[in-house]
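K.L.:
I'll drop the sequence and a predicted model, then ask my questions.
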Amino acid sequence: MKLTKHFPLSFAALSFTAFSAIANSPTLTVYTYDSFTSEWGAAPKLEPLFEQQCQCDLKFMPFEDGITMFNRLRLEGKKTKADVLLGIDNFLMPEAEKSGLFIEHKLTQAHLELPQAWSNKTFIPYDFGEYAFIYNKQKLANPPKSLKELVERQDLRVIYQDPRTSTVGRGLLYWVNSVYGENAPQAWENLAKHTVTVGKGWSETYGAFLKGESDLVLSYATSPLYHQWHEQDENYLAANFSEGHLVQIEVAAITKSSKQPELARQFLQFLQQPEAQKIIAFHNVMKPVVSDQADSAFKTLPQYRQLDFTQPNLNSVRAWLATWQQAVKK
């Protein structure tokens, strides 16, 4: 009787204590892109793992793509709720650094294993992969063997992402200009003739490709692993281009306006931990930056030659965007 009478009170006390602990926990808000937060993405697996370590409330806020997300942060400025920006890349970094919206991460980087040396004080990488065009070998028996062939072949239906809103689309902008140089305007016009659509972000465009709306879609050389791991389907392949491929390195950074800078720094460090790297590599289907955490399946992929690339200045990028926009309007 005594136990029965006191149990409801004890339960209520415990519930109040738990609620108080949650209510008093600090919140860390991370801006990222929507595929990262999807039900099959990395965020739902990372969230409980980090919350166990930090005793905090981790909130991911998704956007259509990395550039859209970065532009939102610029508009919000000091009023932003973001503590961390996760999902811009090495190509957008110069513009992001110039914005003055981020602080130094103060983390060690010697353990990182990337295609290029890394020592940036503001941005910390968490995965990487080569840009590539994906196709289904059952539907496309003769895929293009070069970027120039992709551009010139009018029988190929192509989908890619808008370089004004998408980091993947921005990658193609740099890729075309690296290969074509001053002939890039004509290349964009030729590609536009057999482009089905230019989407705002990766999720939208890849979904359209899977529905059969195109023969190829711009994505990553690692994308076939998604279909192998989650669908047991080996029909999806990444076209291997003779000119070489650009490598995207995805990064995260702490916002200058963060009210939880130490917690944000702890989160960036968490992204390098073995378990987090395994989750990101598997669910984001990208190569880990700590190589001993790589799934053996990554080694089964073909070798994609890396294209030599020189980071353009912002004026060049603006000119390239204007040229692209003019070409797709014709």
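P.N.:
Perfect, I can see it now.
K.L.:
Show me how the record splits the protein into domains.
P.N.:
27-128+248-299, 129-246+313-328 (the TED database).
K.L.:
Would you map the strands across the chain?
P.N.:
27-33, 57-63, 84-89, 102-103, 124-136, 158-161, 195-199, 216-220, 236-238, 247-255, 287-288 (DSSP state E).
K.L.:
want to try CSV for the ones you listed, with mean neighbour count, mean pLDDT and distance to Lys330 as columns?
P.N.:
In short, each C-beta sits where N, CA and C put it, glycine included. CSV is the format used below for those (neighbours: other CB atoms under 10 Å; pLDDT from 0 to 100; distance: least, CB to CB, whole Å):
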stretch, mean neighbour count, mean pLDDT, distance to Lys330
strand 27-33, 22, 97, 30
strand 57-63, 18, 97, 30
strand 84-89, 25, 97, 29
strand 102-103, 20, 97, 38
strand 124-136, 23, 97, 23
strand 158-161, 26, 98, 16
strand 195-199, 19, 96, 12
strand 216-220, 26, 98, 21
strand 236-238, 22, 98, 29
strand 247-255, 24, 97, 29
strand 287-288, 26, 94, 38
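K.L.:
Minimum distance to Ala276: which of those has it?
P.N.:
Of all the strands of the chain, strand 124-136 sits nearest to Ala276, with 8.0 Å by CB to CB.
K.L.:
Which other helices and strands does that closest one contact?
P.N.:
Applying 3 or more CB pairs under 8 Å, 6 or more residues apart in numbering; DSSP states H and E, one finds that strand 124-136 contacts helix 167-180, strand 216-220, helix 223-231, strand 236-238, strand 247-255, helix 274-283, strand 287-288.
K.L.:
packing partners for the fifth one?
P.N.:
Using 3+ CB pairs under 8 Å, 6+ apart as the contact test, the elements touching strand 247-255 are strand 84-89, strand 102-103, strand 124-136, helix 167-180, helix 261-270.
K.L.:
Only alpha carbons, please: show it as CSV.
P.N.:
Extracted in CSV, the C-alpha atoms of strand 247-255 (Å, rounded to 0.1, in the frame of the first residue of the first chain):
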residue,chain,number,x,y,z
VAL,A,247,36.4,17.1,-56.2
GLN,A,248,33.9,18.7,-53.8
ILE,A,249,34.9,18.9,-50.1
GLU,A,250,32.0,19.6,-47.9
VAL,A,251,32.7,21.7,-44.8
ALA,A,252,31.1,23.1,-41.6
ALA,A,253,31.8,26.3,-39.7
ILE,A,254,30.8,28.2,-36.6
THR,A,255,28.8,31.4,-37.1
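K.L.:
quick one: strands adjacent to that strand?
P.N.:
strand 84-89 (antiparallel), strand 102-103 (antiparallel), strand 124-136 (antiparallel) (DSSP bridges).
K.L.:
Kindly report the same for the last one.
P.N.:
Strand pairing for strand 287-288, determined by DSSP bridges: strand 124-136 (antiparallel).
K.L.:
for the second one, same thing?
P.N.:
The strands that strand 216-220 pairs with in its sheet are strand 124-136 (antiparallel), strand 158-161 (parallel) (by DSSP bridges).
K.L.:
Nearest to Pro261, out of those?
P.N.:
Among the strands paired with strand 216-220, the nearest to Pro261 by CB to CB is strand 124-136 (13.9 Å).
K.L.:
Determine how far that closest one lies from the middle of the whole chain.
P.N.:
9 Å (CA atoms, centre = their mean, to the nearest Å).
K.L.:
How about stretch 57-75?
P.N.:
The answer for stretch 57-75 is 12 Å, by CA atoms, centre = their mean.
K.L.:
Report the separation between the nearest residue to Ser258 once chain neighbours are set aside and Glu64.
P.N.:
Sequence neighbours aside, Asp83 is the residue nearest to Ser258 in space, at 4.0 Å (criterion: CB to CB, 6 or more residues apart in numbering). Applying CB to CB, to the nearest Å, the value for Asp83 to Glu64 is 21 Å.
K.L.:
just for this protein, where's the confidence low?
P.N.:
Filtered on pLDDT under 70, the chain yields the residue ranges 1-23, 293.
K.L.:
In it, which residue is most central in space?
P.N.:
Gly87 (4.7 Å; CA atoms, centre = their mean).
K.L.:
I'd say that residue and Ser35 touch.
P.N.:
No: using CB atoms under 8 Å, Gly87 is not in contact with Ser35, being 9.3 Å away.
K.L.:
can you pull the contacts of the residue nearest to the centre of the chain?
P.N.:
Tyr31, Thr32, Tyr33, Phe36, Asp65, Gly66, Met69, Thr167, Glu250, Ala252 (CB atoms under 8 Å, 6 or more residues apart in numbering).
K.L.:
tell me the contacts of the second one?
P.N.:
Under the criterion of CB under 8 Å, 6+ apart, the neighbours of Thr32 are Ala43, Phe60, Met61, Pro62, Phe63, Met69, Leu85, Leu86, Gly87.
K.L.:
Export those to CSV and append columns for distance to Leu307.
P.N.:
CSV is the format used below for the contacts of Thr32 (distance: CB to CB, whole Å):
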residue, distance to Leu307
Ala43, 31
Phe60, 32
Met61, 33
Pro62, 30
Phe63, 28
Met69, 26
Leu85, 27
Leu86, 26
Gly87, 23
